[in-house]
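Colleague: structure here, sequence nowhere to be found:
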């Protein structure tokens, strides 16, 4: 049987967790790419960086994942490259069978996604994060390590929910907003806003 081969796009620290997740999920071979020429030939977890991201288009891979932490950066890469995007779930994560995971999404170890939630494309549900029932996460969202979303939370495209943050049930976190590390949202977070504190208050707001 032909071994399954995945492409990982990006060779920074976030790539290490993506690689570890793919290896734990049983992918046989991983091809690593990065646009930084200085990284070509370096190794990440024993894997060589083979060349720029476009080189993945010529690689014989069954799926690819963007290993870039920045939400807007992932959106740019997804628009640049026409690849078969894969969803990677660490076997130590818990994702209910009713959950709809979009292409290119990664779910890391100890994360939990509860029933009837929907997760968009190129989303990061990071280590130890929890997404409760009936949540909706838009494309390019990052749910950082230890973040907790209660039931029926809606998170707009590109939002960043910081490390250890929390959102109470039924709230909406707007597109391209930021909920700061350790903050608790008890009221909706507007699109393009940065909200911090307990309870979270909006510091500034930009056009998303």
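Modeller: In hand now; what should we look at? Treat the numbers as computed from the prediction; the structure is a model and nothing was measured.
Colleague: any stretches of the protein with poor pLDDT?
Modeller: Scanning the chain with the threshold set as pLDDT under 70 gives 208.
Colleague: could I get the contacting residues of the most centrally placed residue in the chain?
Modeller: Residue closest to the mean C-alpha point of the chain, counted by Cα atoms, centre = their mean, is residue 124 at 1.4 Å. Residue 124 makes contact with 69, 105-106, 108, 141-144, according to Cβ atoms under 8 Å, 6 or more residues apart in numbering. The way it works is simple: take the backbone N, C-alpha and C, and place the C-beta from them, glycine included.
Colleague: repeat the analysis, applying 6 Å as the threshold.
Modeller: Residue 124 makes contact with 106, 142 under the criterion Cβ atoms under 6 Å, 6 or more residues apart in numbering.
Colleague: what of residue 144?
Modeller: Residues in contact with residue 144 (Cβ under 6 Å, 6+ apart) are 126, 161-163.
Colleague: ok, now residue 135?
Modeller: Under the criterion of Cβ under 6 Å, 6+ apart, the contact list for residue 135 reads 117, 149, 153.
Colleague: for this protein, which segments count as helices?
Modeller: Residue ranges of the helices in the chain, as given by DSSP state H, are 13-24, 71-80.
Colleague: would you mind giving those as CSV with mean neighbour count and distance to residue 64 added?
Modeller: Output for these, formatted as CSV (neighbours: other Cβ atoms under 10 Å; distance: least, Cβ to Cβ, whole Å):
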stretch, mean neighbour count, distance to residue 64
helix 13-24, 19, 11
helix 71-80, 17, 10
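Colleague: tally of neighbours for residue 136?
Modeller: Summarising burial for residue 136: neighbours were counted as other Cβ atoms under 10 Å, giving 18.
Colleague: that one: what's its closest spatial neighbour, skipping adjacent residues?
Modeller: Distances taken as Cβ to Cβ, 6 or more residues apart in numbering put residue 154 closest to residue 136, at 4.6 Å, once the chain neighbours are dropped.
Colleague: tell me how this structure divides into domains.
Modeller: Domain segmentation of the chain under automatic domain parsing yields 5-80, 88-197.
Colleague: among the helices of the chain, which is nearest residue 61?
Modeller: Proximity to residue 61 (Cβ to Cβ) singles out helix 13-24 among the helices of the chain, at 11.3 Å.
Colleague: who does the closest one touch, helix- and strand-wise?
Modeller: Contacts defined by 3 or more Cβ pairs under 6 Å, 6 or more residues apart in numbering; DSSP states H and E place helix 13-24 against strand 5-9.
Colleague: direction included, what does the strand it packs on pair against?
Modeller: Using DSSP bridges, the neighbouring strands of strand 5-9 in the sheet come out as strand 29-33 (parallel), strand 63-66 (parallel).
Colleague: okay, these in CSV with distance to residue 90 and mean neighbour count next?
Modeller: Formatted as CSV, the entries for the strands paired with strand 5-9 read as follows, by distance: least, Cβ to Cβ, whole Å; neighbours: other Cβ atoms under 10 Å:
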stretch, distance to residue 90, mean neighbour count
strand 29-33, 14, 21
strand 63-66, 12, 25
